[in-house]
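Engineer: no sequence for this one, just the structure:
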Ligand SMILES: O=P(O)(O)OC[C@H]1O[C@H](O[C@H]2O[C@H](CO)[C@@H](O)[C@H](O)[C@H]2O)[C@H](O)[C@@H](O)[C@@H]1O
């Protein structure tokens, strides 16, 4: 049985589709040309860059389009008296449309919870390898990235999961930051969209990537492999971080984060009339640094090294490091909510290797097979996985679920 074979192509009507062809923002749509310089491995290639000129304006306008189309306006109350009836009708029509698009998603990307039996059947006699994004997947999206905390009951569910299946977090944040937020030593962590991975030691992996792999010890003194394919970019990223902090300091609500191998520029709290200025600041940087490129997430623009590495490659790398790649008895599952997670969904979809689950409450174009509405559904899915794979253990008290969100110690018997 092919996983998700009942469900058709990944392309779905999106109420606000992003014009990727114009933007060139999605890494798996980019063509990489061979690089010179010290990034000698064929994995790392430069994208030929246009000369700065008249097109700059078009570029930052395109960027602005992407910022707008990925940020649908919030519902507004209609106060204008004369147009009330017409406007009300429009709102009702729009919400009907959203509802029917929602149903289309349900059909094409069914809920992973409703399809749980299908997934469990497919996972039978297989070992699940679980990959989880952080923001919007394990923690709800909030205005301030520093307040994106993972609820304790989610942490408990993930910790239990990791007891049964190899589990990795793959985040756009720095590895240190995401480790600090998740706080579980049982997991593997990949930060900066997979450009900073702490994984198990495996010789073949080190041989494949001799210049970017280093054997070290983790917090528990265990031998681990540190994989950093963009190591030489650290000083450049640091410089870009400082430049962006300076250039955006006059824009109210802008926030810049340094993730060691990439920089995030948040515009969630910026008035829409200033989004153009944010886009311009980012555009100026990528023009000044031809070996960096701009990508795009949920109300965030990012600047990152122009290397052929992303969350999809990180999944492949971790599977290889865990000795789980190219095996019929392994089912990798990746759960994520953002554009950057699409690279991972695509890797799993290709060759029917595993299954991507998109976290979204509205229809989106995606390479995932299934969907979950929000982090609370992610938590339920994780718990169901544990129970379905090891029902005996659960009944015997390995994991007794309650709905009070109490500490893990309270719940262990
Ligand atoms: O790959 P992820 O773990 O999902 O990280 C992607 C970005 O997540 C964070 O930003 C997002 O979440 C914030 C907190 O909810 C929200 O305020 C922001 O608008 C979102 O884009 C993080 O701050 C970024 O640096 C990550 O790239």
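Structural biologist: Noted; the coordinates are in hand. Predicted, not measured: the structure shown is a model, and the values here were computed from it.

Engineer: any low-confidence regions in the stretch 301-413 of the chain?
Structural biologist: 389-413 (pLDDT under 70).

Engineer: Tell me where it has helices.
Structural biologist: Ranges of helices in the stretch 301-413 of the chain, per DSSP state H, counting those that start in this stretch, are 311-321, 342-349, 375-389, 391-395, 408-411.

Engineer: Show me what the second one is packed up against.
Structural biologist: Applying 3 or more Cβ pairs under 8 Å, 6 or more residues apart in numbering; DSSP states H and E, one finds that helix 342-349 contacts helix 311-321, strand 330-336, strand 355-359. All C-beta atoms are positioned from the backbone trio N, CA, C, and that covers glycine.

Engineer: Do it and the ligand come into contact?
Structural biologist: No - if you take Cβ under 6 Å from any ligand atom as the test, helix 342-349 misses the ligand, and the best it gets is 10.1 Å.

Engineer: Next, the angle from that helix to helix 311-321.
Structural biologist: Calculated by axes from the mean of the first three to the mean of the last three Cα atoms, to 10 degrees, helix 342-349 forms an angle of 50 degrees with helix 311-321.

Engineer: which parts of helix 342-349 are buried?
Structural biologist: Residues of helix 342-349 classed as buried: 342, 343, 344, 345, 346, 347, 348, 349 (neighbour count, 16 or more other Cβ atoms under 10 Å).

Engineer: How about the longest one?
Structural biologist: By 16+ other Cβ under 10 Å, the buried positions in helix 375-389 come out as 375, 377-383, 385-389.

Engineer: and which of those is nearest to the ligand?
Structural biologist: residue 375 (10.3 Å; Cβ to the nearest ligand atom).

Engineer: Give me the neighbour count for the residue lying closest to residue 126 once chain neighbours are set aside.
Structural biologist: Spatially, and ignoring its direct neighbours in sequence, residue 126 is nearest to residue 331 (4.3 Å; Cβ to Cβ, 6 or more residues apart in numbering). By other Cβ atoms under 10 Å, the residues close to residue 331 number 23.

Engineer: you'd agree residue 331 is up against residue 130?
Structural biologist: No - in this structure residue 331 lies outside contact range of residue 130 using Cβ atoms under 8 Å: 9.5 Å.

Engineer: Just checking stretch 244-261 against the ligand, any contact.
Structural biologist: Yes - residues of stretch 244-261 contacting the ligand under Cβ under 6 Å from any ligand atom: residue 257.

Engineer: could you give the mean pLDDT of that stretch?
Structural biologist: The pLDDT scores in stretch 244-261 average 98.

Engineer: List just the nearest of the buried residues of helix 342-349 to the ligand.
Structural biologist: Of all these, the ligand sits closest to residue 344, with 10.1 Å by Cβ to the nearest ligand atom.

Engineer: need the contact list for the closest one.
Structural biologist: By Cβ atoms under 8 Å, 6 or more residues apart in numbering, the contact set of residue 344 is 131, 170, 310, 311, 312, 314, 315, 334, 336, 356.

Engineer: Which of the residues you listed are buried? Put it as a PyMOL command.
Structural biologist: Buried residues within the contacts of residue 344, by 16+ other Cβ under 10 Å, are selected in PyMOL with:
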select buried, resi 131+170+310+311+312+314+315+334+336+356
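
Engineer: Turn the contacts of residue 344 into JSON lines, including distance to residue 140.
Structural biologist: Conversion of the contacts of residue 344 to JSON lines gives the following (distance: Cβ to Cβ, whole Å):
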{"residue": "131", "distance to residue 140": "19"}
{"residue": "170", "distance to residue 140": "18"}
{"residue": "310", "distance to residue 140": "24"}
{"residue": "311", "distance to residue 140": "20"}
{"residue": "312", "distance to residue 140": "25"}
{"residue": "314", "distance to residue 140": "23"}
{"residue": "315", "distance to residue 140": "24"}
{"residue": "334", "distance to residue 140": "19"}
{"residue": "336", "distance to residue 140": "14"}
{"residue": "356", "distance to residue 140": "20"}
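
Engineer: and the buried residues of helix 375-389 as JSON lines, adding distance to the ligand?
Structural biologist: Listed next are those as JSON lines, based on distance: Cβ to the nearest ligand atom, whole Å:
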{"residue": "375", "distance to the ligand": "10"}
{"residue": "377", "distance to the ligand": "16"}
{"residue": "378", "distance to the ligand": "12"}
{"residue": "379", "distance to the ligand": "16"}
{"residue": "380", "distance to the ligand": "19"}
{"residue": "381", "distance to the ligand": "17"}
{"residue": "382", "distance to the ligand": "16"}
{"residue": "383", "distance to the ligand": "21"}
{"residue": "385", "distance to the ligand": "20"}
{"residue": "386", "distance to the ligand": "22"}
{"residue": "387", "distance to the ligand": "26"}
{"residue": "388", "distance to the ligand": "26"}
{"residue": "389", "distance to the ligand": "25"}
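
Engineer: Include distance to residue 191 when you put those into CSV, please.
Structural biologist: Formatted as CSV, the buried residues of helix 375-389 follow (distance: Cβ to Cβ, whole Å):
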residue, distance to residue 191
375, 20
377, 25
378, 20
379, 22
380, 27
381, 24
382, 21
383, 26
385, 24
386, 26
387, 30
388, 30
389, 28
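
Engineer: Name the residues of the stretch 201-350 of the chain found near the ligand, please.
Structural biologist: Residues of the stretch 201-350 of the chain found near the ligand (Cβ under 6 Å from any ligand atom) are 257, 264, 266, 268, 297, 298, 299, 300, 338, 340.

Engineer: again, only this time at 5 Å
Structural biologist: Counting by Cβ under 5 Å from any ligand atom, the residues of the stretch 201-350 of the chain close to the ligand are 257, 264, 268, 297, 298, 299, 300.
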